[in-house]
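Q: Whatever this is, show me its structure:
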Amino acid sequence: MIPRRAVLVGVALAFVLGGLGSGPAAGGLADLPGRLADQEFWRLSDESSEAGGTFHSDNIVSNEAWYQHVVPDLVARVKPGGVYLGVGPEQNFTYMVATRPRLAFIVDIRRGNLHTHLLYKALFELSEHRAEFVSRLFGRETPAGLGAGATVEEIFEAVERSPRSQAVFSRTLAAVGERLGGHHTFALHAEDGPGIEYVYAAFADAGPGLTYTLNRQNGGRGIGSPSYAALMAADDGQGTQRGFLVTDERFQWLKGLHERNLVVPVVGNFGGPKALRAIGRYLKGAGGAVSTFYLSNVEMYLRQDRLWEAFCGNVQALPLDASSTFIRSTRGGMRAGPGGFVSSLGLMMAEVRICAAEARSGG
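A: The predicted structure is shown next:
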């Protein structure tokens, strides 16, 4: 994704589109599952997915250096226990530990993103603590002496000093395959095994210095983005580190969510015919509402590909309520204070009014 500032957009969007306020409350805890069976998790992922598309980057790591800056406003807006929707790689985990959803879906046009999240799922489940998780992620031996109270900087500095180990890489890759295909019995597609290995090799080869890069078809060049280690040590612009690896408690909460099969990766275009609508049908049946929808800068591509109107229709199919919040990425400098991040609400509402009018008139 192009590096941009994140902005929050309130649920007034829902009522502009009309009919969206009738969805179940985001706090519908009695109906949303506390765990998905392995077969249900894979069915929900696989049957909701569309054919994979392409993107100019492998997008294995975020390049959105300021994505934490909306978190103070986000936690003030969003009540725990709803449903999280997002796109892309690891930045979703930070938004998830901030909002504490009951269930999460990560929707991305690339099947490679599903491979990234299946790798993460297995590593969360296989690792007892943050140092082990980070070491496995980058194909290193786990450094000694890093307890539950270690800072995120201490963990990454120690792992950085540990050399890449082919033995750890091979052992971990085998354990990931066994976890997904053996323990969980997921019916992985033929390309999923090689795809997961491709993603894992990118982590292991680059180490904690891994940055956002273009894909091989575009020359595979890095574009000056922050490293994985830097992203994990970033803060919210007010001095508070909000990353998912900053504390052991956040890691353990995410580990539990993955162990209960409650982070579901889906292949789909936000303006596509299937993925968001399938998720919407499932959530309406399960009694849940989308509390947080992280869009990154996907809107730019929806407009570029003339899919904005289709996206609006897909949003209409999602159950939203009065606390649902959209996180968007925009260009330009930050206004004074985090409250400035909500200033695009009026613009977003105007865009959706135009979209809805176009839909009613047939374009």
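Q: okay, now A51: neighbour count?
A: A count of nearby residues for A51, using other C-beta atoms under 10 Å, gives 11. The way it works is simple: take the backbone N, C-alpha and C, and place the C-beta from them, glycine included.
Q: start the count at 56, not 1, going forward
A: OK, 56 is where the count begins now, so the last one is A106.
Q: what sits against the nearest residue to it once chain neighbours are set aside?
A: Closest residue to A106 apart from its sequence neighbours, by C-beta to C-beta, 6 or more residues apart in numbering: V322 at 7.6 Å. Counting by C-beta atoms under 8 Å, 6 or more residues apart in numbering, V322 touches 104-107, 162-166, 168-169, 330.
Q: mind running it again at 7 Å?
A: Contacts for V322 (C-beta atoms under 7 Å, 6 or more residues apart in numbering) come out as 104-105, 107, 163, 166, 169.
Q: Give me the helix or strand of the protein that scores worst on average pLDDT.
A: Least confident helix or strand of the chain, by mean pLDDT, DSSP states H and E, is helix 67-72 with a mean of 39.
Q: Provide a list of residues in contact with the spatially most central residue of the chain.
A: The centre of the chain sits closest to N147, judged by C-alpha atoms, centre = their mean, with a distance of 3.1 Å. When contacts are counted by C-beta under 7 Å, 6+ apart, N147 is found next to 141, 161, 349.
Q: do you know how far it is from L192?
A: Distance of N147 to L192, given as C-beta to C-beta, to the nearest Å: 16 Å.
Q: Break down the stretch 56-205 of the chain into its strands, ranges please.
A: In the stretch 56-205 of the chain, the segments counted as strands under DSSP state E, counting those that start in this stretch are 60-64, 138-141, 158-163.
Q: which other helices and strands contact the last one?
A: Packed against strand 158-163 by the contact rule (3 or more C-beta pairs under 7 Å, 6 or more residues apart in numbering; DSSP states H and E) you find strand 138-141, strand 318-322, helix 330-341.
Q: buried sites along the last one?
A: Think helix 330-341. Across helix 330-341, burial judged by 16 or more other C-beta atoms under 10 Å covers 330-335, 337-339, 341.
Q: Ends of stretch 201-210, what's the gap?
A: Terminal residues of stretch 201-210 are spaced 7 Å apart (C-alpha to C-alpha, to the nearest Å).
Q: Any buried residues in that stretch, and which?
A: 201, 205, 207, 210.
Q: Kindly provide the distance from the residue nearest to the centre of the chain to Y349.
A: Counting by C-beta to C-beta - N147 and Y349 are separated by 6 Å.
Q: Name the residues contacting each of these two.
A: Taking C-beta under 7 Å, 6+ apart as the contact rule, N147 and Y349 both touch G141.
Q: Go through stretch 228-244 and flag the buried ones.
A: Buried residues in stretch 228-244 (16+ other C-beta under 10 Å): 228, 230-232, 234-235, 239, 241, 243.
Q: Same question for stretch 364-378.
A: 364-371, 373-376, 378.
Q: give the contact list for I251.
A: By C-beta under 7 Å, 6+ apart, the residues touching I251 are 170, 173-174, 231.
Q: Mind picking the one among those that's closest to W121?
A: Using C-beta to C-beta, L174 comes nearest to W121 of those, at 25.8 Å.
Q: Count residues in the vicinity of that closest one, would you?
A: Using other C-beta under 10 Å, L174 is surrounded by 24 other residues.
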